[in-house]
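> coordinates only, sequence not included:
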């Protein structure tokens, strides 16, 4: 077993990451590739939990802007994350993994309720845990759900998979002269308005001194390399991490 820099991580995937080149929904090739990378990292000896967003199916904030009740929209978004979590569970199990979906809202005909101690037990027993339905509350994003769950399970690192290779001072897709940061503090991220996750998620991670690494999941093998300690993407460090 190679020496890993992290014992337990939480990986946050956007719903959009599952679409591939589709306009909507889940691309089976993409979810299979992500599942294979997660399995490779787990087999190297890391305990892994996942949070998957729901933006490939439904985005509550978008409909709220169009006039829908925000709480209703957010509840629909939570259900979208359950759909993605079940798809991820299936992809992991097809590769021989043991996976459990735990939902923050009661929906226990299709998955388990989220119970912190049981989630930690699953991880200790070598199961992959997929947290669904965000925090279970409207007005909180799945980024906040990922930060909260990472803290609750005692993760050593929160990983956010995006479509760019880290945090930039401005959108690199629109500005060719955008500069990528290697490391940042949470205060720098918040004060400079670098919108990679929402402020509530950043504040939660900062106050619990949880390091966050932002990286490009579309590059094969990046997940395992990060776990082996390679400085890939951008590290947002807590007060005590240098």
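Yes, it's here. Being a predicted model, the structure only gives us computed values, none of them experimental.
> Let me know the helix or strand that residue 100 is in.
Under the criterion of DSSP states H and E, residue 100 resides in strand 99-103.
> by contact count, what packs against that strand?
Other elements packing on strand 99-103 under the criterion 3 or more C-beta pairs under 8 Å, 6 or more residues apart in numbering; DSSP states H and E are helix 70-94, strand 112-113, helix 116-124, strand 128-132. Backbone N, C-alpha and C define where each C-beta goes, glycine included.
> next SSE after the last one?
Secondary structure here is assigned by DSSP H and E; on that basis, the next helix or strand after strand 128-132 toward the C-terminus is helix 142-152.
> buried residues in that following helix?
Within helix 142-152, the residues that count as buried by 16 or more other C-beta atoms under 10 Å are 142, 143, 144, 145, 146, 147, 148, 149, 150, 151, 152.
> now the lowest-mean-pLDDT helix or strand in the chain, how far from the centre of its chain.
Lowest by mean pLDDT, DSSP states H and E among the helices and strands of the chain is helix 60-65, with a mean of 76. The chain centroid and the centroid of helix 60-65 are separated by 21 Å, computed with C-alpha atoms, centre = their mean, to the nearest Å.
> Now do the buried residues in that helix.
Neighbour-count burial for helix 60-65 flags 60, 63, 64 (criterion: 16+ other C-beta under 10 Å).
> coming back round to it: tabulate the buried residues of helix 142-152 (a markdown table), appending distance to residue 49.
Formatted as a markdown table, the buried residues of helix 142-152 follow (distance: C-beta to C-beta, whole Å):
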| residue | distance to residue 49 |
| --- | --- |
| 142 | 13 |
| 143 | 15 |
| 144 | 15 |
| 145 | 11 |
| 146 | 9 |
| 147 | 12 |
| 148 | 12 |
| 149 | 7 |
| 150 | 8 |
| 151 | 12 |
| 152 | 10 |
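> pLDDT for the residues you listed - can I get that in TSV?
Below are the buried residues of helix 142-152 laid out as TSV (pLDDT from 0 to 100):
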residue	pLDDT
142	96
143	96
144	97
145	97
146	98
147	98
148	98
149	98
150	98
151	98
152	98
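> Which one of the residues you listed is nearest to residue 209?
Minimum distance to residue 209 across the buried residues of helix 142-152 is 9.4 Å, recorded for residue 151 (C-beta to C-beta).
> how close does the closest residue to the closest one other than its chain neighbours sit to residue 223?
Excluding its sequence neighbours, the residue lying closest to residue 151 (C-beta to C-beta, 6 or more residues apart in numbering) is residue 208, at 4.5 Å. To residue 223, residue 208 is 23 Å away according to C-beta to C-beta, to the nearest Å.
> Pick out whichever of these two has more residues nearby.
When residue 208 is set against residue 223 and neighbours are counted by other C-beta atoms under 10 Å, the residue ahead is residue 223, at 24 against 14.
> and the helix or strand that that one is a member of, what does it pack onto?
Assigned by DSSP H and E, residue 223 belongs to helix 222-227. Applying 3+ C-beta pairs under 8 Å, 6+ apart, we find helix 222-227 packed against helix 28-43, strand 157-162, strand 212-216.
> ok, residues contacting the least confident helix or strand of the chain?
68, 70, 72, 73, 74, 75, 76, 77, 138 (C-beta atoms under 8 Å, 6 or more residues apart in numbering).
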